[in-house]
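Asks: predicted structure and sequence below. I'll ask about it afterward.
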Amino acid sequence: MMFSDPRTMNDLFGPTKALVGPRENPACCAAAAALLLARCEHGHPQPWLCCACSTIATLTPAEVMVSACLAEPSPDPPSWSSIAAGVGGRFGRRILDAVADDLRAGSPADDLAAALGHRAMWPDTLCARRADLTAGGQWASSGYRKWRRRLGLGEFVRFLAPLEDHLGRPRTLLIQFDGVGDAWQPDDHFVKVAGVVGACVWAAFRDRFVAPLERSEQTMALLSPIRRRIARLIISGKTETQIAEIVGRSRHTVRDHIKAMYVMLDVSTRNELAFRLSGAPRAGPPPISMGPSAADEEETPPIPEVKPGGRSARSHSPAGPSEHAPSEHESTPQA
């Protein structure tokens, strides 16, 4: 659930730091984040987020902890069901364990989430401006603030990125930068840095876990029901003999279907076919779904898209922090 690495960015990545420049520059941090995330080769959201948090922590000041959570929001009652989470930073196990446990439980400590829109299926862009948190005593009396103070956490910068998975189900990716201790306070410059790094995480996550599954669904839609069954068994690594036993056809019939898919998809090897069917880039592993896949819903109608206010969630793209520089600071991608 967590990944703590005491090494510096230079220790981990050598010339990477020299290539992208100082971490104080938002553009350099964006470039560094992209390079770091490209080295996260994990094929499942859980270890990928842990690795991402650990590597991104090397771009931040020593007193800042990085955490991330992929959540499935539910509006009634407002809640988050955590799908994957990670924590990175150079701190003791007590604080890392506490934050990781809270993320794994869907952030129940954050009692402001429901009131300010964090847990909405599509988080409100202006859900937590600094004025919202400091006016009216809501932040001063919140359980989340007290929980943070008990752990020794101070200010934070949060990046919220709503997205849909390949079946149109709503998801929220949360990236948070937490100051450990009262001394650190994020200025507007750090908020900008957090925004560009958060946008890199969002884009990399979508490219790694959502886009391949969308491509796979599009490819599977071209196939007949029996070929879709065979295709999914090919992706799982089954042999022709095993596939024949599972689908109740002869081995020769299965081979004929596979040859037909070779021609249809313009591939010449079994590996190329598996990569094309899974939607994965040829250099990487087949993608792993974030929840039930279309394989479980093969003969059912497509799930309709959930749209906030009539807009498709696919229109959301990360554009950095809100102009209100919330926090404590908080930002969501603009539509």
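Replies: Received, thanks.

Asks: and the closest residue in space to Ala85 that isn't next to it in sequence, how many neighbours does it have?
Replies: Distances taken as Cβ to Cβ, 6 or more residues apart in numbering put Leu103 closest to Ala85, at 3.7 Å, once the chain neighbours are dropped. For the C-beta atoms, the positions are set from N, CA and C on the backbone; glycine is no exception. By the criterion of other Cβ atoms under 10 Å, Leu103 has 26 neighbours.

Asks: and the one 10 residues further on, by the same measure?
Replies: As a burial measure, Ala113 scores 23 neighbours (other Cβ under 10 Å).

Asks: ok so, going back, where's the residue nearest to Ala85, which helix or strand?
Replies: helix 93-104 (DSSP states H and E).

Asks: same check, this time on Ala30
Replies: Using DSSP H and E, Ala30 falls in helix 26-38.

Asks: for that helix, packing partners?
Replies: Here helix 26-38 touches helix 9-13, helix 16-20, helix 45-57, helix 188-205, going by 3 or more Cβ pairs under 8 Å, 6 or more residues apart in numbering; DSSP states H and E.

Asks: now do 7 Å
Replies: helix 16-20, helix 45-57, helix 188-205 (3 or more Cβ pairs under 7 Å, 6 or more residues apart in numbering; DSSP states H and E).

Asks: so which of these comes closest to Ile243?
Replies: Closest approach to Ile243 among the helices and strands packed on helix 26-38 (Cβ to Cβ): helix 45-57, 28.3 Å.

Asks: what residues sit buried inside whatever helix or strand comes next after the closest one?
Replies: Next in sequence after helix 45-57, counting helices and strands by DSSP H and E, comes strand 64-75. Neighbour counts over strand 64-75 (16 or more other Cβ atoms under 10 Å) mark 64-73 as buried.

Asks: before we move on, the earlier item: to Asp266, which of the helices and strands packed on helix 26-38 lies closest?
Replies: Taking the helices and strands packed on helix 26-38 one by one with Cβ to Cβ, helix 188-205 is closest: 28.4 Å.

Asks: which positions within that closest one qualify as buried?
Replies: Neighbour count says helix 188-205 has 190-205 buried, by 16+ other Cβ under 10 Å.

Asks: show me which of these is closest to Gly154.
Replies: Nearest to Gly154 among the buried residues of helix 188-205 is Phe190, at 12.9 Å by Cβ to Cβ.

Asks: now do the closest one against Glu155, distance only.
Replies: The spacing between Phe190 and Glu155, counted by Cβ to Cβ, to the nearest Å, is 10 Å.

Asks: equivalent analysis for Met121, please.
Replies: From Met121 over to Glu155 (counting by Cβ to Cβ), the distance is 28 Å.

Asks: please apply the same query to Leu70.
Replies: Applying Cβ to Cβ to Leu70 and Glu155 gives a distance of 24 Å.

Asks: returning to that earlier point: overlap of the contact sets of Phe190 and Glu155?
Replies: Common contact partners of Phe190 and Glu155 (Cβ atoms under 7 Å, 6 or more residues apart in numbering): none.

Asks: and this protein, what are its domains?
Replies: 9-213+314-331, 215-301 (automatic domain parsing).

Asks: so where do the helices sit in the protein?
Replies: 9-13, 16-20, 26-38, 45-57, 93-104, 112-116, 130-134, 143-151, 188-205, 211-220, 225-235, 240-247, 251-265, 270-278 (DSSP state H).

Asks: in CSV: the ones you listed, plus mean pLDDT and distance to Gly86.
Replies: Output for those, formatted as CSV (pLDDT from 0 to 100; distance: least, Cβ to Cβ, whole Å):
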stretch, mean pLDDT, distance to Gly86
helix 9-13, 44, 16
helix 16-20, 45, 20
helix 26-38, 76, 12
helix 45-57, 89, 4
helix 93-104, 92, 8
helix 112-116, 80, 19
helix 130-134, 61, 25
helix 143-151, 91, 17
helix 188-205, 84, 11
helix 211-220, 74, 20
helix 225-235, 87, 26
helix 240-247, 91, 35
helix 251-265, 89, 35
helix 270-278, 80, 24
